[in-house]
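Q: With the input below, show me the fold.
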Amino acid sequence: MHRYKAFGLNIDSEIVLPELSEGDPQSEVDLTIKKGEVILPETAPTRIFRRSTEAHFGQDIENNLYLTWNNIASFKAISGDILIVSPQNPDHSIISLFTVSEALGLILFQRGYFLLHASSVLVGDEAWCFMGEPGAGKSTTAAAFIKAGCKLLSDDLTAIRMDQNGVAHVIPAYPQLKIWENTVNGLAYDQTTLQPVSEGVRKFAYHPTSTFSHGAVKLGKVFFLHKTGDIQSPQPLLAGDIPTQLLIHFPLPTALLVGEALKRHFMQSMQCGKSAEMWRMKRPEGFANLESWVSECISKSVINE
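A: Numbering: from 1, shown residues only. So this is what the prediction gives:
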């Protein structure tokens, strides 16, 4: 077994997951990941794609959750503490990629985490999240903040927990940010320090292993990025729009959000809205303008501390 740390969980895994941080072998195990046969219930297609392959989702009468990608792997999440993986592809890097994404998200959902399809970074002493439709620039924006000296909290899956006072905190994921080749070039990242990722696209992985911290960080700002429109500077999101926008950016199958789960998601959305500033904007065009905006944001954050 391999011991890892991610999303506040101590993980024992039969599968090698190089994206994750090494864990403390003496700590109590929160999640066990093991290989095994996964017998799927009836499944339905989702809007989740990885390597151009659509995920199918299912749930059985015992509330176990299933995700399957044809010819890649099937996953079964049990009670928030067991994830069974049935690989159908011999490439270990591909199995790891699929395991630490939406499959691990099923476990977080079962444990009550509030989940967003978003990248997040540490700015000052706050977590800032960036979300948007594909191509809106969430990972590029996060990469620009990291280049400016901010620390990575999560890539495209951000997990949030509420403390005893209802204040939202981002729970750091693991030290990897996937960025497009044009972002690598545009932000002048040293490509020799990056690794290609197994997604069938020109993406690279940045691994800030030595500077990555797993401590929870108070949610400070959330930016909803748009590709089109004339919202060049951040505009505050109306309180009534917050639950809908956060629902749009739920990273798992929407079939999960029914009944009590939907009520929980709505209440957690409102708690996020009370904890953090919510902004809507178009990402600054051009890498120079993006870096200028990032520098301005960081300067204001330092002044306000």
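
Q: Can you name the residues in contact with the longest strand seen in the chain?
A: Looking across the chain with DSSP state E, the single longest strand is strand 217-226. Residues from elsewhere that reach strand 217-226, judged by C-beta atoms under 8 Å, 6 or more residues apart in numbering: 118, 122-133, 136-138, 141, 153, 160, 167-170, 172, 234, 237, 245, 249, 272, 275-283. Every C-beta, even on glycine, is put in place using the N, C-alpha and C of the backbone.

Q: Can you flag the buried ones in those residues?
A: 118, 122-124, 126-132, 136-138, 141, 153, 160, 168-170, 172, 234, 237, 245, 249, 272, 275-276, 278-283 (16 or more other C-beta atoms under 10 Å).

Q: Among the residues you listed, which ones are in helices?
A: Mapping these onto helices (DSSP state H) picks out 138, 141, 245, 272, 275.

Q: what's across from the closest residue to the third one other than its chain neighbours in the sheet?
A: Read it as residue 245. Excluding the flanking residues, the one nearest residue 245 by C-beta to C-beta, 6 or more residues apart in numbering is residue 224, at 5.7 Å. Assessed by DSSP bridges, residue 224 has beta-bridge partners residue 131, residue 280.

Q: how much space between residue 224 and residue 123?
A: 17 Å (C-beta to C-beta, to the nearest Å).

Q: Equivalent analysis for residue 70, please.
A: Distance from residue 70 to residue 123, counting by C-beta to C-beta: 40 Å.

Q: in this protein, which spans are helices?
A: Under DSSP H, the chain gives helices at 92-98, 104-110, 138-147, 181-186, 242-248, 259-275, 287-304.

Q: by contact count, what packs against the longest one?
A: With contacts defined as 3 or more C-beta pairs under 8 Å, 6 or more residues apart in numbering; DSSP states H and E, the secondary structure elements packing on helix 287-304 are strand 119-123, helix 138-147.

Q: Deepest-packed of those, please.
A: Of all the helices and strands packed on helix 287-304, strand 119-123 has the most neighbours on average by mean count of other C-beta atoms under 10 Å, namely a mean of 27.

Q: the inter-axis angle of it versus helix 287-304?
A: Relative orientation of strand 119-123 versus helix 287-304 (axes from the mean of the first three to the mean of the last three C-alpha atoms, to 10 degrees): 50 degrees.

Q: what's the burial count for residue 182?
A: 11 (other C-beta atoms under 10 Å).

Q: returning to that earlier point: which positions in the longest strand of the chain come out as buried?
A: 217, 219-225.

Q: any idea of the mean pLDDT in it?
A: For strand 217-226, the mean per-residue pLDDT is 95.

Q: That one vs strand 119-123, what angle?
A: Counting by the same axes, to 10 degrees, strand 217-226 lies at 130 degrees to strand 119-123.

Q: residues contacting the residue nearest to residue 79 when sequence neighbours are not counted?
A: Once flanking residues are discounted, residue 79 sits nearest to residue 110: 6.4 Å by C-beta to C-beta, 6+ apart. Applying C-beta under 8 Å, 6+ apart, we find residue 110 in contact with 65, 77, 79-80.

Q: quick revisit: including distance to residue 148, could the ones in helices among the buried ones among the contacts of strand 217-226 go into TSV?
A: What follows is these, written out as TSV (distance: C-beta to C-beta, whole Å):
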residue	distance to residue 148
138	16
141	11
245	26
272	25
275	24
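
Q: ok, which pair from the residues you listed is furthest apart?
A: Within these, 141 and 275 form the most distant pair, 20.6 Å apart (C-beta to C-beta).

Q: Show me how the record splits this protein into domains.
A: Structural domains assigned to the chain are 2-111, 116-304, following automatic domain parsing.
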